[in-house]
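**Student:** Structure for the following, please:
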Amino acid sequence: MKTIAFDIMADSEESYWWYRARREIFCDVINRLAPPGSDIVDFGAGTGGTAAALAESGYNLLAADVSEAALEACQLRGLATVDLRKNRLPAACCDCVLAGDVLEHVSDDLELLATLGRLLRPGGFLVLTVPAYEFLWSGEDYVSEHVRRYTRRVLERRLRLAGFEILRCSYFNTLLLPVIAGVILAKRLLFPREMYRSDIAPLREWQNDLLYRIFAFEGVLLRWTSFPAGASLFAVARFSGKGRGVV
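**Tutor:** Numbering: from 1, shown residues only. Here you go, the predicted model:
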């Protein structure tokens, strides 16, 4: 992740509509799967907003990252941290691994998925999100140094190859997909230099609130249904270790 991308995250995570709604969706999914007191590793915790919210709900959080700035931000929130550049997490150390928009950053996603699986205790689960559809590639992918975006078929295949049993996989950020796709297409055609800048920009309060309400509403719908398309994907999976193709 480029420095500018981290700075934007640090400045926007508490208020920007995408971060707020995604955080609430994460918390809702985990609250329905694991009781308070469960041990959770937030792998790629960033500035720690989601980890802090889960800690406030009674979970035991460990924020793991490779970025010194991210670890410092998590420590300022009072979170326990581990520097993944220097330390390897022990096997079977947690009940849940949270990987929010992490998989797309690495060249070998199978290896990372297998690593995450080994962290889970028997019966534990992985909750992850990734960006969807290569045609939505934008400046945010550039500044965040993404390697790829996913379709549901590809994500499910990678999870199975890495030894996971998929409990749930769905697109989300669906209601705003036409708007997101339209904005990206307009930038690509009319303002190509914008494809090298973050998509996150200050909004008027009413705009930010409206986008947040639309996206957050999907969290309610996702309790009962899955979406056939969306700007992002989320999955819940258990690790069996019986994957194919993992070295």
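
**Student:** How many residues are close by the closest residue to Ser12 other than its chain neighbours?
**Tutor:** If the residues on either side of it in the chain are set aside, Ser12 comes closest to Ile200, at 5.8 Å by C-beta to C-beta, 6 or more residues apart in numbering. Using the backbone N, CA and C atoms, a C-beta is placed for each residue, glycine as well. Other residues within reach of Ile200, judged by other C-beta atoms under 10 Å, total 18.

**Student:** How many neighbouring residues does Pro36 have?
**Tutor:** Residues near Pro36, counting by other C-beta under 10 Å: 10.

**Student:** Just give the nearest non-adjacent residue to it, would you?
**Tutor:** Among residues not flanking Pro36 along the chain, Gly58 sits closest, at 3.1 Å (C-beta to C-beta, 6+ apart).

**Student:** give me the element the one you found is part of.
**Tutor:** If you go by DSSP states H and E, Gly58 is not part of any helix or strand.

**Student:** Quick check: it vs Ser38, distance?
**Tutor:** The gap separating Gly58 from Ser38 is 9 Å, by C-beta to C-beta, to the nearest Å.

**Student:** Looking at these two, which is more packed in?
**Tutor:** Shown here are Gly58 and Ser38; by other C-beta under 10 Å, Ser38 has more neighbours (18 against 11).

**Student:** surely the more buried one meets Leu62?
**Tutor:** No - using C-beta atoms under 8 Å, Ser38 makes no contact with Leu62, being 11.7 Å away.

**Student:** Which neighbours do the two have in common?
**Tutor:** Both Ser38 and Leu62 are in contact with Cys94, where contact means C-beta atoms under 8 Å, 6 or more residues apart in numbering.

**Student:** Identify the residues contacting the closest residue to Ala91 other than its chain neighbours.
**Tutor:** Residue nearest to Ala91 in three dimensions, not counting chain neighbours: Arg118, with 5.0 Å by C-beta to C-beta, 6+ apart. Neighbouring residues of Arg118 by C-beta under 8 Å, 6+ apart: Ala91, Ala92, Phe239.

**Student:** Can you say which of those residues are buried?
**Tutor:** Taking 16 or more other C-beta atoms under 10 Å as the criterion, what is buried in these is Phe239.

**Student:** Got phi/psi on the residue nearest to Ala91?
**Tutor:** As for Arg118, its main-chain torsions (degrees, to the nearest 10) stand at phi -70, psi -20.

**Student:** ok, it to Ala34 distance?
**Tutor:** Distance, Arg118 to Ala34, by C-beta to C-beta: 19 Å.

**Student:** returning to what we had before: same list (the contacts of Arg118) but as CSV, adding distance to Leu185, secondary structure and pLDDT.
**Tutor:** What follows is these, written out as CSV (distance: C-beta to C-beta, whole Å; DSSP: H, G, I helix; E, B strand; the rest coil; pLDDT from 0 to 100):
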residue, distance to Leu185, secondary structure, pLDDT
Ala91, 45, coil, 97
Ala92, 46, coil, 97
Phe239, 38, strand, 95
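
**Student:** packing partners for the longest helix seen in the chain?
**Tutor:** Taking DSSP state H as the criterion, the chain has its longest helix at helix 205-221. For helix 205-221, the helices and strands in contact under the criterion 3 or more C-beta pairs under 8 Å, 6 or more residues apart in numbering; DSSP states H and E are helix 17-31.

**Student:** Give me the distance from the helix it packs on to the chain's centre.
**Tutor:** Chain-centre distance of helix 17-31: 10 Å, with C-alpha atoms, centre = their mean, to the nearest Å.

**Student:** now do stretch 127-144
**Tutor:** Distance of stretch 127-144 from its chain centroid, counting by C-alpha atoms, centre = their mean, is 11 Å.

**Student:** so how far is the first residue of that stretch from its last?
**Tutor:** End-to-end distance for stretch 127-144: 21 Å, by C-alpha to C-alpha, to the nearest Å.
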